[in-house]
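Asker: Below are the sequence and a predicted model for it; my questions follow.
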Amino acid sequence: MGRAKRTDGHDEGQTRKCIATGELCPKARMVRFVVGPDDAIVPDVMGKLPGRGIWVGAERAALEKAVAKGLFKRAAKQAVTVPPGLVDQVEALLVRRVVDLIAMARKSGAAVAGFEKVKDWLSKDVAEILLQASDGSGRGKSKLSTPMGGYFIGWLTTEELGRAFGRQTVVHAAIGAGGLAPRVVEEAARLKGLRVSSGGTTRPRG
């Protein structure tokens with residue numbers, strides 16, 4: 001059985017102005033922050049916390065600039081506390097978000113792991129998204145190709161992919177079209193901005 005309708009360009013939604021670059025960007029490509037009750041800056045990757053949103057593009061350089069230049073204080077128009085390691089905290093939250101979504105897809109039968117299962121889904125045109133661990137064997141990864149018209153996610157580690165599938169490690173995984181696939185693509189794109197350089201190199205973990 002072939003794939004369902006492909007995960008097309010979903011609605012980018014409204015735009016917000018990045019406090020670091022001044023650019024208007026779709027909300028789906030940004031990270032929202034709010035000022036907590038203790039006047040500390042709190043990342044709101046789900047976009048659900050109460051309060052006036054402060055928006056930064058989902059790029060490590062933009063987030064680091066916002067921290068270094070005191071731009072959260074300027075945007076909040078009040079004294080605020082920026083927690084140490086805020087950028088890494090955002091990255092960790094986005095990792096958890098992506099891993100949780102993949103796990104939900106697995107539980108619904110829309111995701112598989114393991115070289116042979118992924119190869120089978122690719123050959124049958126079932127896979128919409130190919131996921132390969134950034135620290136997996138390059139030789140093994142080169143034997144699988146991104147689905148035509150589909151997506152590739154290659155900036156999660158073997159341990160992170162493993163968590164999504166209830167295993168110690170996973171190198172190869174695939175997700176079918178529809179369902180949670182658009183959300184996985186969207187959230188993984190935000191994570192990519194914090195992990196992958198403009199030259200395509202994934203930042204080392206740990």
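Answerer: Nice, thanks for sending it over.

Asker: Could you tell me the end-to-end distance of stretch 103-114?
Answerer: With CA to CA, to the nearest Å as the measure, stretch 103-114 spans 15 Å from end to end.

Asker: go on, stretch 21-30?
Answerer: 12 Å.

Asker: Any chance you could list what contacts the helix or strand bottoming out on mean pLDDT in the chain?
Answerer: Across the helices and strands of the chain, mean confidence by mean pLDDT, DSSP states H and E is lowest for helix 138-141: a mean of 82. Helix 138-141 is contacted from outside by F115, Q132, G154, V171, H172, using CB atoms under 8 Å, 6 or more residues apart in numbering. (Each C-beta comes from the backbone N, C-alpha and C, glycine too.)

Asker: Among the residues you listed, find me the one that's closest to K17.
Answerer: Distance to K17 across those (CB to CB) is lowest for G154, with 30.4 Å.

Asker: That closest one against I129, yeah?
Answerer: No - shown here, G154 and I129 do not form a contact pair, counting by CB atoms under 8 Å, at 10.9 Å.

Asker: In which helix or strand does L130 reside?
Answerer: Counting by DSSP states H and E, the element that carries L130 is strand 127-132.

Asker: Show me what that strand packs onto, helices and strands only.
Answerer: Here strand 127-132 touches helix 115-123, strand 151-153, strand 172-176, helix 181-195, going by 3 or more CB pairs under 8 Å, 6 or more residues apart in numbering; DSSP states H and E.

Asker: Could you rerun that using 7 Å?
Answerer: strand 151-153, strand 172-176, helix 181-195 (3 or more CB pairs under 7 Å, 6 or more residues apart in numbering; DSSP states H and E).

Asker: Could you tell me which of the contacts of helix 138-141 count as buried?
Answerer: Q132, G154, V171, H172 (16 or more other CB atoms under 10 Å).

Asker: export those residues to CSV and tack on pLDDT and distance to G140?
Answerer: Formatted as CSV, the buried ones among the contacts of helix 138-141 follow (pLDDT from 0 to 100; distance: CB to CB, whole Å):
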residue, pLDDT, distance to G140
Q132, 97, 9
G154, 97, 13
V171, 97, 6
H172, 97, 7
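
Asker: any idea of the pLDDT on the residue most central in space within the chain?
Answerer: In the chain, the C-alpha nearest the mean C-alpha coordinate belongs to A188, at 2.4 Å (CA atoms, centre = their mean). At A188, the model reports a pLDDT of 97.

Asker: Spit out the contact partners of it.
Answerer: V98, I153 (CB atoms under 7 Å, 6 or more residues apart in numbering).

Asker: how much space between it and S145?
Answerer: 18 Å (CB to CB, to the nearest Å).

Asker: low-confidence ranges in this structure?
Answerer: Within the chain, the stretches with pLDDT under 70 are 1-13, 197-206.

Asker: residues of the helix or strand R16 falls within that come out buried?
Answerer: Taking DSSP H and E as the definition, R16 sits inside strand 15-17. By neighbour count on 16+ other CB under 10 Å, the buried set for strand 15-17 is R16.
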